[in-house]
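Asker: kindly generate the corresponding structure for this input.
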Amino acid sequence: MPPDVEHSYVDDRMLIPRYQVRQFLSTVVFTVVALCALFVVVDVIERLDKFIDHRVGIVDIGRFYVAYLPFMLQLVIPVATLLAALFSVGRLSATNELTAMRAAGASPLRLLAPYVVIGCLLSGGQLYFNGWVVPRASSERLMLERTLLQEGAGGSLFNLYFRDVPTRTVFIEYYDKDRSVARNVRIEEFGSVAEPRLHWRMEAPSMSWDQEQACWTAPEAWRRSWQEPGGRMTLTRLDSATMPFSIRQEDIQRLQRGVEELDLDEMKSYIATMQAGGRDVRALLIEYYAKWAFPFANVIVVLIAVPFAGVRRKGGIAIHIAVAMVLAFAYIVCSEIAKAVGLSTDLPPAAVGWSANVVFALIAVAGLGRR
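Answerer: Numbering: from 1, shown residues only. So this is what the prediction gives:
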């Protein structure tokens, strides 16, 4: 085959996939913009009285919703992917273009392939976006809520209580995040988890983080020790004491941040910190694995929607919207039921977090098997 004829043949083979991808991506973009605009309008209506009461300007409102946008996107992208697959393939079927493509020799798998590739790319991009970009934007949004709407505690934290290790508890009455200074600190050490008995208690009016030594230090502290239950107490005054717990300043700040503000690396470290302190972290582990699983819903909804929309049905766009709503609602319900069941069983947290994806992937495979 001459080179120019071979080149023309390759271009002809790519003509249909390019047409499919162009229609699919244009529908995804339109749907994302429409859903985000609807999201913003509804949220503005709900917050309008707060904006007016706190005299928040247009520029600050704009900053707030720019920081809010990533949170919206992580929710609407899978829905937009689902709607785009239904609408774009449904349009090809309604105009008989899909029939013409099949008549030209395109197999069902070849027609499905461009959508699956785009779904995989969207899943990979959303995994990074949800895991690392959204948490940073959420922190910015919550900071703006504190400064513009006076919601939250600002740069201070109160009444912090956590375990450093299973036998050691730490209580901090007040912590200034900006200055890394704590007030009224109490540390208690118990003998063992099986037979907890207070061995000693250390109290300090204040402590601060020593960046060079990477430890907490107190100008003065008092240590109370007990040799045996009900025995004599020994009181010791300590000057320039190093506080005996390993949690760093950034860990304290992370402990008080919501899960939505932690990227996947920080969340893993946070769970490890909680686990080292003897806390039950099963719910956090399930949420962690669910965060990994959610972006891959883009591929799954494509595998479900494309074969469904490829068959012409009465109802047109209405049936596609209804299917999208049912699938989105079913995925959420399945995910929440799995989390509830997972908390009350001994199933591995990873299996629970990925269970909704597994169920819908099986539905997708079953649907493909019938085509």
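Asker: list the buried residues in stretch 83-100.
Answerer: By neighbour count, with 16 or more other Cβ atoms under 10 Å as the criterion, the buried positions of stretch 83-100 are 83-93, 97-98. No exception for glycine: its C-beta is placed from N, CA and C like everyone else's.
Asker: phi, psi for residue 183 please.
Answerer: phi -120, psi 150 (degrees, to the nearest 10).
Asker: assign the closest residue to it other than its chain neighbours to helix, strand or coil.
Answerer: Residue nearest to residue 183 in three dimensions, not counting chain neighbours: residue 174, with 4.3 Å by Cβ to Cβ, 6 or more residues apart in numbering. Three-state assignment for residue 174 (DSSP: H, G, I helix; E, B strand; the rest coil): strand.
Asker: okay, and the beta partners of residue 174?
Answerer: Note on residue 174: beta-bridge partners by DSSP bridges are residue 158, residue 183.
Asker: what is the burial count for it?
Answerer: Residue 174: 15 surrounding residues under other Cβ atoms under 10 Å.
Asker: please apply the same query to residue 163.
Answerer: Tallying neighbours of residue 163 according to other Cβ under 10 Å, which is how burial is gauged here, yields 17.
Asker: give me the below-cutoff pLDDT ranges for the chain.
Answerer: Low-confidence segments of the chain, defined by pLDDT under 70, are located at 1-12, 151-155, 228-231, 253-256, 277-278, 315-316, 370-371.
Asker: any figure for the gap between residue 332 and residue 307?
Answerer: Using Cβ to Cβ, to the nearest Å, residue 332 is found at 22 Å from residue 307.
Asker: ok, those two, which is more surrounded?
Answerer: Neighbour comparison, residue 332 and residue 307: the larger count goes to residue 307, with 20 against 11 (by other Cβ under 10 Å).
Asker: which SSE is the residue nearest to residue 342 when sequence neighbours are not counted in?
Answerer: For residue 342, ignoring the flanking residues on the chain, the nearest one in space by Cβ to Cβ, 6+ apart is residue 352 at 3.2 Å. In the assignment (DSSP states H and E), residue 352 maps to helix 349-369.
Asker: please apply the same query to residue 234.
Answerer: Using DSSP H and E, residue 234 maps to strand 233-242.
Asker: buried ones in that strand, by neighbour count?
Answerer: Neighbour counts over strand 233-242 (16+ other Cβ under 10 Å) mark residue 241 as buried.
Asker: by contact count, what packs against it?
Answerer: Other elements packing on strand 233-242 under the criterion 3 or more Cβ pairs under 8 Å, 6 or more residues apart in numbering; DSSP states H and E are strand 198-210, strand 215-226.
Asker: helix, strand, or coil at the residue nearest to the spatial centre of the chain?
Answerer: Relative to the mean C-alpha position of the chain, the nearest C-alpha, by Cα atoms, centre = their mean, is the one of residue 291, at 4.8 Å. Taking three-state DSSP as the rule, one finds residue 291 in the helix state.
Asker: before we move on, what about residue 279?
Answerer: The assignment at residue 279 comes out as coil when based on three-state DSSP.
Asker: the nearest residue to it once chain neighbours are set aside: which element?
Answerer: When the adjacent residues along the chain are set aside, residue 279 lies closest to residue 163, with 6.5 Å between them (Cβ to Cβ, 6+ apart). Here residue 163 is covered by strand 156-165, with elements defined by DSSP H and E.
Asker: helices or strands next to that strand in the packing?
Answerer: Using 3+ Cβ pairs under 8 Å, 6+ apart as the contact test, the elements touching strand 156-165 are strand 168-176, helix 249-255, helix 264-276.
Asker: cutoff 10 Å now
Answerer: If you count contacts as 3 or more Cβ pairs under 10 Å, 6 or more residues apart in numbering; DSSP states H and E, strand 156-165 packs onto strand 168-176, strand 181-190, helix 249-255, helix 264-276.
Asker: tabulate the CA atom coordinates of that strand in CSV.
Answerer: Provided in CSV are the C-alpha atoms of strand 156-165 (Å, rounded to 0.1, in the frame of the first residue of the first chain):
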residue,chain,number,x,y,z
SER,A,156,-6.9,29.0,68.2
LEU,A,157,-7.9,25.6,69.4
PHE,A,158,-9.5,24.7,72.7
ASN,A,159,-9.8,21.6,74.9
LEU,A,160,-7.6,19.3,72.9
TYR,A,161,-7.5,15.7,74.2
PHE,A,162,-5.7,12.9,72.5
ARG,A,163,-3.5,9.8,73.1
ASP,A,164,0.2,10.0,72.3
VAL,A,165,0.6,6.2,72.8
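Asker: other residues contacting it?
Answerer: Strand 156-165 has contacts (Cβ atoms under 10 Å, 6 or more residues apart in numbering) with 168-179, 182-187, 189, 193, 243-247, 251-253, 255-256, 273-274, 276-279.
Asker: which is the succeeding secondary structure element to the helix or strand where residue 88 lies?
Answerer: The secondary structure element spanning residue 88 is helix 58-94 (assigned by DSSP H and E). Remark: after helix 58-94, the chain's next helix or strand is helix 97-103, criterion DSSP H and E.
Asker: does residue 249 really touch residue 182, like I thought?
Answerer: Yes - the pair formed by residue 249 and residue 182 meets the contact definition of Cβ atoms under 10 Å, at 9.3 Å.
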